[in-house]
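1. Predicted model follows, preceded by the sequence.
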Protein chains: 2
Amino acid sequence: LEAPTVTGSDAPGATVLSRAFAVLDSFSEGSAEQTLSSITGSTGLPPATVHRVLAALVGWGAVERTGRGRYRIGLHLWRLGSLAPQGRELRDVALPHLQDLLEVTHEVVHLVVVDEDQALYLERLESRPGVSVVSQVGGRLPLHATGPGKVLLAHAPTDVLDRVLEAGLSRHARGTITEPAELRRALAEIRQTGHSISRDEMTDGASSVAAPVTDAGGRVIAAISVVVRSGSPLLLPLVPAVRLAALGISREIGRRHLR
Amino acid sequence: LEAPTVTGSDAPGATVLSRAFAVLDSFSEGSAEQTLSSITGSTGLPPATVHRVLAALVGWGAVERTGRGRYRIGLHLWRLGSLAPQGRELRDVALPHLQDLLEVTHEVVHLVVVDEDQALYLERLESRPGVSVVSQVGGRLPLHATGPGKVLLAHAPTDVLDRVLEAGLSRHARGTITEPAELRRALAEIRQTGHSISRDEMTDGASSVAAPVTDAGGRVIAAISVVVRSGSPLLLPLVPAVRLAALGISREIGRRHLR
C-alpha cells in the first residue's frame, strides 16, 4: 500500500489529480485496452492507487470495464472530448470540403493539426479500401515524415522546427527526409509553392499532396491531404484540387472567425 | 475560501476527483466556452476550488484558456476520448458504408448509439447544406423523438423504455410522438419491419429513415439514418439503401468481433 499523502495546502489535491491524469494518459493508440497490471507498470503507481483511481474513473464514465478485467476509455470521455473546438468547429467547417475531395478523388483524405510537436489526425475519410496508410483519427505521426506534418512544420514557429530537429529525424519509409538541410529546403519550397508533395515518406507505397488551412489572419492552423498509391499518375493533378479544398475551408474559417 | 477537506482515508482523494469531474462536466454543447464564474455557478463549487482545479486541468491539457479569460475543452481530452472503442472502432467500420450512403443520397447521414438513455450522435456526414437538422457529433438528442433513437429504443432493454416513459415524452416538433401507447406501437412496428420512418418528429421539415446495426450476436449496438426534407419523394425509396448500409456495417462488425 502507498504511503498516505499528508502534506500542506494544495499538495494532496494536486497529487490525486496528477495520478488520475497519469492513469488516463497510460491509454494510447497502441494500448487502448489495458489490465490493472499494465496500467500499474506504465504509470509506476502502486496497484492499490491505480485500483482506487480506476474505480473513480469508471464511476464517472471516463473509463469502462470490459468483460475480462480489462479497462478502456469510455463514451463519457469521448463526448467531453468532442467539445474541443478543433475537434468540432474546425472539423465541422472542413467536413463538406473534405467530402467533396473524397467524392472527386475516392482516395484517403486527412485533416491534421499540430499537437505537442506532432501531426494529430483530426479526421480521416475514405470510401473504399485503396492505398494502405497508417493514420488514425486521434492518432499522431511525426511532423517531418508526413505531408500535412511538413506543411504545418513549414508554417510553425521556429522553435517547433528546432525541437523536431533536436529530437532527430526518424526514418519511417524509404523516402523519409532524415537530413536537417534537406528538410529545411523542403519546408522553404512548401512555403513558396503553397503545397507539399510526399513520396514514400511515412509509408512505402503511399504518396500525398497536402496544403495549408489558414484562419482570418492568415495563420496556418491545420493542413489537409489526399493520399494515393505511389507512382499513381493522379498525384500531380491532385495539387489544384487539394489547394482548392484548403482555400475553401480557410475562407469559411475566416467568415466564422474561428481560431 | 473553502473549508479544508480533512477526513479519513479515501475521502479527500475522492472529493478532489469528483470536483475535477464536476468542473469538466460543466462543459457542454450549449456551454463549450466558459468563464470562471459560469463554472462556479453551474458546479456550486467555491471560486478558489474551481480556480485550482482549472489550473490543474489546463496544465494537463484537458482544458485550454482562451484569450479572454475563458476556458474550453482542450485537444488533449479530444485525443484521449478518441480512444473510446465506440468512437473509434465502430466509427471506423461504419465510415466507408456511411460514405457510400452519402455519395448515393447526398443527404445528411448519422451514426448513433445509446448513452445514458439518450441518442448520442457519433458521426454526422453531409456534403452540401441540405435539410436543416439539429444533430451534432458528440451531441445527444431524445431517443423517442429521433429516427435512430426510436430504432435503438425498440431494441433496448425494457428498463430503458420505462425510464424514457417515466421522464415524459417531450414535444420537439409537430410530429413528435408524445403518447406512450403510440410510442409502443411505433417501436413494435420498427422491430417488425427492421427500420423506422420519422416525419417532423425532432425538427419540423425534416424526415428520416433509420435502421439498426447489430453485433455478431445479433444485439443492436447502433443505428444509422439518412435525413431528407419532409415531403421529399426520396424518403421511402431510401429504405432499402439505409437497410443495406446497416447490414453492411453489421456484417463487418461480426467479422471483426466488435462489441
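-> Here it is on my side, so go on.
2. Please, where are all the helices along the stretch 151-259 of chain A?
-> A:158-167, A:180-193, A:238-256 (DSSP state H, counting those that start in this stretch).
3. Serialize those helices to a markdown table and add fields for mean pLDDT and mean neighbour count.
-> Backbone N, C-alpha and C define where each C-beta goes, glycine included. Formatted as a markdown table, these follow (pLDDT from 0 to 100; neighbours: other C-beta atoms under 10 Å in any protein chain shown):
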| stretch | mean pLDDT | mean neighbour count |
| --- | --- | --- |
| helix A:158-167 | 96 | 13 |
| helix A:180-193 | 98 | 15 |
| helix A:238-256 | 94 | 18 |
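4. Go through those and name the closest to chain B.
-> With respect to chain B, and counting by C-beta to the nearest C-beta, the nearest of the helices of the stretch 151-259 of chain A is helix A:238-256 at 11.5 Å.
5. re earlier: and the helices of the stretch 151-259 of chain A as TSV, adding distance to residue B:67?
-> Shown next, in TSV, are the helices of the stretch 151-259 of chain A (distance: least, C-beta to C-beta, whole Å):
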stretch	distance to residue B:67
helix A:158-167	21
helix A:180-193	27
helix A:238-256	16
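6. the strands in chain A, which residues?
-> Assigned by DSSP state E, chain A shows strands spanning A:33-35, A:63-65, A:70-73, A:108-115, A:118-125, A:140-142, A:196-199, A:206-214, A:220-229.
7. Tell me the strands beside the first one, with direction?
-> It refers to strand A:33-35. Strand A:33-35 has the following strand partners under DSSP bridges: strand A:70-73 (antiparallel).
8. go on, the fifth one?
-> Under the criterion DSSP bridges, strand A:118-125 sits next to strand A:108-115 (antiparallel), strand A:140-142 (antiparallel) in its sheet.
9. So which bits of the stretch 101-250 of chain A are right by chain B?
-> For the stretch 101-250 of chain A, the contact set with chain B under C-beta under 8 Å from any C-beta of the partner chain comprises A:102-103, A:113, A:115, A:120, A:125-129, A:136-138, A:140.
10. Show me how to select, in PyMOL, the buried members of those residues.
-> With 16 or more other C-beta atoms under 10 Å in any protein chain shown as the criterion, this PyMOL line picks the buried residues out of these:
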select buried, chain A and resi 102+103+113+115+120+125+126+127+137+138+140
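11. so who does residue A:225 touch?
-> Neighbour list for residue A:225: A:109, A:110, A:112, A:146, A:147, A:148, A:151, A:208, A:209, A:210, A:211, A:242 [criterion: C-beta atoms under 8 Å, 6 or more residues apart in numbering or on different chains].
12. Surely residue A:256 touches residue A:90?
-> No - using C-beta atoms under 8 Å, residue A:256 is not in contact with residue A:90; the gap is 10.1 Å.
13. Tell me where the stretch 101-250 of chain A is predicted with low confidence.
-> A:128-130 (pLDDT under 70).
14. Of all residues in it, which one is closest to chain B?
-> residue A:138 (2.7 Å).
15. For the closest residue in space to that residue that isn't next to it in sequence, grab the count of nearby residues.
-> Leaving aside its sequence neighbours, residue A:138 sits nearest to residue B:82 (C-beta to C-beta, 6 or more residues apart in numbering or on different chains; 2.7 Å). By other C-beta atoms under 10 Å in any protein chain shown, 25 other residues sit near residue B:82.
16. Was I right to think residue B:82 contacts residue A:80?
-> No - taking contacts as C-beta under 8 Å, residue B:82 lies outside contact range of residue A:80: 11.4 Å.
17. which residues sit in contact with residue A:148?
-> By C-beta under 8 Å, 6+ apart, residue A:148 lies in contact with A:110, A:112, A:119, A:196, A:208, A:210, A:223, A:224, A:225.
18. Recalculate using a threshold of 7 Å.
-> Residues near residue A:148 by C-beta atoms under 7 Å, 6 or more residues apart in numbering or on different chains: A:110, A:112, A:119, A:210, A:223, A:224, A:225.
19. beta partners for the fifth one?
-> On DSSP bridges, the residues paired with residue A:223 through beta bridges are residue A:112, residue A:212.
20. repeat for the third one
-> Beta bridges link residue A:119 to residue A:114, residue A:141, judged by DSSP bridges.
21. thought it was touching residue A:149?
-> Yes - contact criterion C-beta atoms under 7 Å: residue A:119 and residue A:149 qualify, at 3.6 Å.
22. which residues do the two both contact?
-> Common neighbours of residue A:119 and residue A:149 (criterion: C-beta under 7 Å, 6+ apart): A:112, A:141, A:142, A:143.
23. Now do the same contact list for the third one.
-> The one in question is residue A:142. A:118, A:119, A:149, A:170.
24. Any figure for the gap between the first one and residue A:171?
-> I take that to be residue A:118. 16 Å (C-beta to C-beta, to the nearest Å).
25. check whether stretch A:252-259 contacts chain B.
-> No - using C-beta under 7 Å from any C-beta of the partner chain, stretch A:252-259 stays clear of chain B, coming no nearer than 8.0 Å.
26. from the chain's centre, how far out does that stretch sit?
-> 21 Å (C-alpha atoms, centre = their mean, to the nearest Å).
27. can I get the CA coordinates of that stretch in PDB?
-> C-alpha atoms of stretch A:252-259 as PDB (Å, rounded to 0.1, in the frame of the first residue of the first chain):
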ATOM      1  CA  GLU A 252     -15.200  29.600 -44.300                       C
ATOM      2  CA  ILE A 253     -13.000  29.700 -41.200                       C
ATOM      3  CA  GLY A 254     -12.300  33.400 -41.900                       C
ATOM      4  CA  ARG A 255     -16.000  34.000 -42.400                       C
ATOM      5  CA  ARG A 256     -16.800  32.400 -39.000                       C
ATOM      6  CA  HIS A 257     -13.800  34.000 -37.200                       C
ATOM      7  CA  LEU A 258     -12.600  30.700 -35.800                       C
ATOM      8  CA  ARG A 259      -9.200  30.400 -34.200                       C
END
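28. Identify all contacting residues around that stretch.
-> Contact partners of stretch A:252-259, identified using C-beta under 7 Å, 6+ apart, comprise A:89, A:90, A:93, A:213, A:215, A:216.
29. looking at these, which has the most residues close by?
-> Of all the contacts of stretch A:252-259, residue A:213 has the most neighbours under the rule other C-beta under 10 Å, reaching 28 neighbours.
30. what's the farthest-apart pair in the contacts of residue A:142?
-> Spatial extent of those (C-beta to C-beta) is set by the pair A:119 and A:170 at 13.2 Å.
31. And these two? Which one has more around it.
-> Taking other C-beta under 10 Å, residue A:119 and residue A:170 do not tie; residue A:119 has more neighbours (29 against 10).
32. Could I get the full set of helices for the stretch 1-150 of chain A?
-> Using DSSP H, counting those that start in this stretch, the helices found in the stretch 1-150 of chain A span residues A:11-25, A:36-43, A:47-60, A:75-81, A:85, A:91-105, A:147-154.
33. Which elements pack onto the shortest one?
-> With contacts defined as 3 or more C-beta pairs under 7 Å, 6 or more residues apart in numbering or on different chains; DSSP states H and E, helix A:85 has no packing partner among the helices and strands.
34. Let me have the contacts of residue A:225 in JSON lines, adding distance to residue B:202 as columns.
-> As requested, the contacts of residue A:225 are arranged in JSON lines below (distance: C-beta to C-beta, whole Å):
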{"residue": "A:109", "distance to residue B:202": "30"}
{"residue": "A:110", "distance to residue B:202": "32"}
{"residue": "A:112", "distance to residue B:202": "33"}
{"residue": "A:146", "distance to residue B:202": "40"}
{"residue": "A:147", "distance to residue B:202": "40"}
{"residue": "A:148", "distance to residue B:202": "36"}
{"residue": "A:151", "distance to residue B:202": "40"}
{"residue": "A:208", "distance to residue B:202": "39"}
{"residue": "A:209", "distance to residue B:202": "40"}
{"residue": "A:210", "distance to residue B:202": "38"}
{"residue": "A:211", "distance to residue B:202": "37"}
{"residue": "A:242", "distance to residue B:202": "36"}
